[in-house]
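K.L.:
based on what follows, work out the 3D shape:
(chains A and B)
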Amino acid sequence: MSDRRKPYPFDVFESQWQTRWDEQKTFRTPNPGDSDFDATKPKFFVLDMFPYPSGAGLHVGHPEGYTATDIIGRYKRMNGFNVLHPMGWDAFGLPAEQYAIKTGQHPRITTEQNIDNFRRQLKSLGFAYDWDREVNTTDPGYVKWTQWIFIQLYNSYFCEDENKAKPVSELEAKGWTRDQIDAVRLAFVSEAPVNWSPDLGTVLANEEIEEWKAKGHTVERRPLRQWMLRITKYAQRLIDDLDPLDWPESIKLLQKNWIGKSTGAEVAFTIASAAGGASTNNSEQITDNCHEVTVFTTRPDTLFGATYMVLAPEHPLVSTIASPGKAEEIDAYQKACANKSDLERGDMNKNKSGLFTGAYATNPVNGEEIPVWIADYVMMGYGTGAIMAVPAHDERDFEFAKKFELPIIQVVQPKGDEDWQGFIGHGIAVNSGFLDGLPTKEAKSKIISWLVENGKGTAKTNFKLRDWLFSRQRYWGEPFPVLWEDGKHHTAPESDLPILQPELEDFKPTGSPEGPLAKATDWIAYSETAKRETNTMPQWAGSCWYYLRYCDPNNTERFISKEAEDYWSRQPDSGADASQPNNSSPSTDNSSPQGIVDLYVGGTEHAVLHLLYARFWHKVLHDLGHLTTSEPFQRLVNQGLILGEDGQKMSKSTGNVVNPDDVVNEYGADSLRLYEMFMGPLEQVKPWQMKGVEGVSRFLARVWRVAFETNQEGEWAATEKLVDASDDTAKTLRKTVHETIKKVGEDIEKLSFNTAISQMMVCTNAFTNAEKIPVSMFVEFLRVLNPFAPHLSEEINARVASAFDSVSSEMLSEQAWPSYNEEYLIESEVEIVIQVNGKLRDKLIVAKDAAKEDVEALALASDKVKAHTDGLTVRKVIVVPGRLVNIVAN
RNA sequence: GCUGGCGUGGCGGAAUGGUAGACGCGCCUGAUUCAAAAUCAGGUAUCGAAAGAUGUGCGGGUUCGACUCCCGCCGCCAGUACCA
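P.N.:
Residues are numbered from 1 along each chain as shown, chains lettered A, B, ... in the order given. The predicted structure is shown next:
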């Protein structure tokens, strides 16, 4: 096919326009302070999730979201907005480093090569990015500010009273000790057990484990010294502030579930040790053989129904309280649990395991003695690592109790006729002493009051969200700006930033918690007394704030200037008239979260982690007074996955991967762009069809042929169709063109690109069928087409402009979006549908403003209507003006 | 299991409660051509010769009128997994 003549010469002109846009910096976005900056213009910040530049290059999923944002960006630009539409690279990370380990080549080199390839591919698609704002997370100028933000986190704590982050210097002023302050920093060192992958040679965050396990790596639990970020302090705000964001409800829900808030109570039980007299330093210990264990429950109202207690196998008190005779058995069980993989635990879901410790706990509310078990369905990491089991009203406890024949006592009466056994809903308290007769809600608050009064418990809210494990034992990441001196950490002076990795010959993980940087002994030795931290930050770090850097990418003094931050944080003036931008000051109401990015488009795979981490950093920077907005992304749209032609997920192994480069070579960039938008709704999952690319390519060729046809020599020459004439000479065509201007504009705002393209096809068909077309009309259409097919529309416009004096030779990208005239859309006559009992029987053409009565009379006079109402009585006639008449008869 | 999303021609998909299937693909017919490709014109839900009937996963309901709203099922996809 490539040898064959192209349906229109995209192979010649697409690259020419790309070069021109590049050289003239057509899509440069002026920033506050620039000479050509116009502060009266409203801003529009439209963002793509920046890619990780892999060696495989772009796949067709990338241009889907990128084309969507490109169309919006170009459209907003034409409507007078100062559009920020940037691109960059999330370039730290494991694949580049793994490649370096294999080949010995520095990851910087492969990263650069991959970036060059990605940039070339993106430029070949004609995206209107401001390339002067390109951001690269591995760039020293960028790393500097990532490290600076870490220092801000390190130097902050979360003030519970004000519900926000504040500088630790305030605590110093209050006379807090160094250790006290270290215990509250937002960036802190923890010795907690972590997920260590011996073959990757690094620690992984909880949420990363599955991904790497799926790739065949092993992960085990190990206690190690690690940097953590105190994201849990923001749990409540991260939930609350989701509300006003324009995000898909499903993504909000995903985040809420991830944060996992649950409210209930903590209840203290006492356990008489079965070990008899065994003594430890445990703080929960009351006397030599009497210990207090706190459980968390969301249903304190069922406390009377607790028939046994379960401790997590790892619970520190297990060995203390257990019967000496059980020690061996318990030890074996604990070991078995520790080695259990997640998969095995999944299987355990139905078949629970557990072991009686021999000890008994006392239920504080009624003094009942209940057996204490250990079981791996209770996890150490959540709540207190201990539960009171109420088998009658909890599924898990119910199953466990049935299996081990433990007593089941009803304490909630369902409102309906449901079986109380295993009933987990709300009802009326029974067999519960002073709670009897109370509905669940009231019973809860009454028991909590009782617990508080008796010193046996307290109301408590728990979150599933854990603090963020922030260090990695790898080479290709940002080093921590931290120095160790006398066993204490402190930050490196800001003047040291950026702190870059030392050059290494050997990138292999050491297998030790210090990571590969530990091999650079010269680099580590910071001074006589100080040593550098050898951990690096995870890949998330750079992607947590890249959207901010785009606003002021070359600033060497700040991560983002005050002026730039202020301007790009302005409330967008939706529906702004291009000629009269709204100058009203941005909202000063800090209580309502409002994102700096107006529209963020990307895949669902980042629904939880990236978006949550970025929101967290943004809030910290907001609290510390560095940002005016409290949220990063106001509106979020997830583009749907593009499947292979076979309806399967694209993958190398199935060989159904489509390479954008091939599509561009064969059909041109405009065809690829248009096809990706024409496939279906942006957010929907949809299969690729090469025939579909041909279809849109044919459409673009039809647009081309409205203006040009091949002459005898086989060259493209102007058609006779386009004429210098008033729009009045082609009223039907004018109506179609104005309908198109209206619908395409509305559809772009709705991100309904497939229907916008369909309307442009209708319009093109009208042009094709017209004898003569006023050239001004055709050019208006080209402006509408421009955001979708920028190369083709610019090329046709330039050629037409050289043939007609009346046509401006200015680039379409610099021109305004055309306006439509409502008057031209009005029809004098409309087709009315005539229904009998809701079924279509006839159609009538009537005047647009025909009176109801007249339309009704005409409808009743119709022969077809008469045929269907014959022998029936007309009961009612419904007339919807300009639409239909429905005759009800029986 | 739970949560979310989706079920419309041969295919991708359109339809403020008001003509179901816009637009495109594919297919059929015709024009052009020595022929083909490309292009142009017309047709194309199903059954039926037609009149007409039937059709938006299934079953109910609301309504003059339901792809659209409500209730109950079925199927597919995605996410999640003992969070007390």
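K.L.:
any idea which element the nearest residue to A:Ala766 once chain neighbours are set aside lies in?
P.N.:
Take A:Ala766 and drop its neighbours on the chain: the residue closest to it by C-beta to C-beta, 6 or more residues apart in numbering is A:Thr736, 4.6 Å away. Bear in mind the C-beta positions are built from the backbone N, C-alpha and C, glycine included. Assigned by DSSP states H and E, A:Thr736 belongs to helix A:731-749.
K.L.:
what are the contacting residues of that helix?
P.N.:
With C-beta atoms under 8 Å, 6 or more residues apart in numbering as the contact definition, helix A:731-749 has outside contacts at A:71-72, A:75, A:727-728, A:753, A:755-756, A:759-760, A:762-763, A:766-767, A:770, A:773-774, A:777, A:780-781, A:784, A:787, A:817-821, A:824-825, A:827.
K.L.:
and that helix, average pLDDT?
P.N.:
The average pLDDT within helix A:731-749 is 94.
K.L.:
likewise stretch A:257-277?
P.N.:
Stretch A:257-277 comes out at a mean pLDDT of 83.
K.L.:
that stretch and RNA strand B, are they touching?
P.N.:
Yes - counting by C-beta under 7 Å from any atom of the strand, RNA strand B has neighbours in stretch A:257-277: A:260, A:262, A:264.
K.L.:
counting contacts, what elements does whichever strand or helix holds the second one pack onto?
P.N.:
Going back to what we said before, that points to A:Ser262. Taking DSSP H and E as the criterion, A:Ser262 maps to strand A:261-272. Strand A:261-272 sits against helix A:235-240, strand A:290-297, strand A:355-362, helix A:440-453, strand A:457-463, with contacts defined as 3 or more C-beta pairs under 8 Å, 6 or more residues apart in numbering; DSSP states H and E.
K.L.:
just name the most buried of those.
P.N.:
For the helices and strands packed on strand A:261-272, the largest average neighbour count (mean count of other C-beta atoms under 10 Å) is found in strand A:355-362, namely a mean of 22.
K.L.:
so after that one, what's the next helix or strand?
P.N.:
The helix or strand immediately downstream of strand A:355-362 is strand A:369-374, counting by DSSP H and E.
K.L.:
what residues of that following strand count as buried?
P.N.:
Within strand A:369-374, the residues that qualify as buried are A:370-374, counting by 16 or more other C-beta atoms under 10 Å.
K.L.:
please apply the same query to stretch A:397-417.
P.N.:
Quick answer for stretch A:397-417 (16+ other C-beta under 10 Å): A:397-401, A:404, A:406, A:408-412, A:414.
K.L.:
A:Glu795 reaches A:Phe13, doesn't it?
P.N.:
Yes - under the criterion of C-beta atoms under 8 Å, A:Glu795 makes contact with A:Phe13 at 4.4 Å.
K.L.:
neighbour count for these two, which is higher?
P.N.:
A:Glu795 (25 against 19; other C-beta atoms under 10 Å).
K.L.:
could you identify the helix or strand that succeeds the strand or helix carrying the more buried one?
P.N.:
For A:Glu795, the host element (DSSP H and E) is helix A:790-803. Note on helix A:790-803: by DSSP H and E, the next helix or strand toward the C-terminus is helix A:822-825.
K.L.:
now do that following helix: distance to the chain's middle.
P.N.:
Centroid displacement of helix A:822-825 relative to its chain, using C-alpha atoms, centre = their mean, to the nearest Å, is 41 Å.
K.L.:
re earlier: need the residues that contact the helix holding A:Glu795.
P.N.:
Residues contacting helix A:790-803 (C-beta under 8 Å, 6+ apart): A:8, A:10, A:13-14, A:17-18, A:74, A:126, A:128, A:668-670, A:700, A:703-704, A:707-708, A:718, A:722, A:775, A:778-779, A:782-783, A:785-786, A:807-809, A:811-813.
K.L.:
run through the stretch 301-450 of chain A and note the low-pLDDT ranges.
P.N.:
For the stretch 301-450 of chain A, applying pLDDT under 70 flags the ranges A:339-350.
K.L.:
the stretch 551-700 of chain A: strands as residue ranges?
P.N.:
Residue ranges of the strands in the stretch 551-700 of chain A, as given by DSSP state E, counting those that start in this stretch, are A:595-597, A:599-602, A:631-633, A:636-638, A:642-643, A:686-687.
K.L.:
out of those strands, which comes closest to RNA strand B?
P.N.:
When the strands of the stretch 551-700 of chain A are compared by C-beta to the nearest atom of the strand, strand A:686-687 sits nearest RNA strand B, at 3.8 Å.
K.L.:
pull out the buried positions in stretch A:681-698.
P.N.:
A:682, A:686-688, A:692-694, A:696-697.
K.L.:
and if you look at stretch A:81-95?
P.N.:
A:81-95.
K.L.:
so which of these comes closest to A:Arg222?
P.N.:
A:Leu94 (19.3 Å; C-beta to C-beta).
K.L.:
can you pull the contacts of that closest one?
P.N.:
Counting by C-beta under 8 Å, 6+ apart, A:Leu94 touches A:200, A:474, A:476, A:539.
K.L.:
how close does A:Gln413 sit to A:Gly425?
P.N.:
As judged by C-beta to C-beta, to the nearest Å, A:Gln413 and A:Gly425 stand 11 Å apart.
K.L.:
try A:Glu399
P.N.:
18 Å.
K.L.:
same deal with A:Phe158?
P.N.:
According to C-beta to C-beta, A:Phe158 and A:Gly425 sit 36 Å apart.
K.L.:
now swap in A:Gly264 and tell me
P.N.:
In terms of C-beta to C-beta, A:Gly264 sits 16 Å off from A:Gly425.
K.L.:
for RNA strand B, what's the nearest residue on the stretch 501-650 of chain A?
P.N.:
For the stretch 501-650 of chain A, C-beta to the nearest atom of the strand, closest residue to RNA strand B: A:Thr604, 6.3 Å.
K.L.:
not counting its neighbours along the chain, what's nearest that residue?
P.N.:
Using C-beta to C-beta, 6+ apart, the nearest residue to A:Thr604 is A:Asn638, at 4.7 Å.
K.L.:
show the model's pLDDT score for the one you found.
P.N.:
pLDDT at A:Asn638 comes out at 92.
K.L.:
beta-bridge partners for it, please?
P.N.:
Note on A:Asn638: beta-bridge partners A:Gly602, judged by DSSP bridges.
K.L.:
for the residue nearest the centre of chain A, give me phi and psi.
P.N.:
Nearest to the geometric centre of chain A sits A:Ala607, at 3.7 Å (C-alpha atoms, centre = their mean). The phi and psi values for A:Ala607, taken as degrees, to the nearest 10, are phi -60, psi -40.
K.L.:
for A:Lys686, see how far away it is.
P.N.:
19 Å.
K.L.:
point out where chain A drops to low pLDDT.
P.N.:
Checking chain A against pLDDT under 70 turns up A:1-5, A:207, A:210, A:214, A:274-288, A:339-350, A:572-593.
K.L.:
list the contacts for whichever residue of the stretch 451-600 of chain A sits closest to RNA strand B?
P.N.:
Minimum separation of the stretch 451-600 of chain A from RNA strand B (C-beta to the nearest atom of the strand) falls at A:Lys464, amounting to 3.9 Å. A:Lys464 makes contacts with A:258-261, A:382, as judged by C-beta under 8 Å, 6+ apart.
K.L.:
what's the neighbour count on the residue found closest to A:Leu782 once you drop the neighbours it is linked to in the chain?
P.N.:
In space, A:Leu782 comes closest to A:Ser793 once its chain neighbours are excluded; the distance is 4.5 Å by C-beta to C-beta, 6+ apart. Using other C-beta under 10 Å, A:Ser793 has 24 neighbouring residues.
K.L.:
swap in the one 10 residues further on?
P.N.:
Other residues lying near A:Ala803 total 12 when counted by other C-beta under 10 Å.
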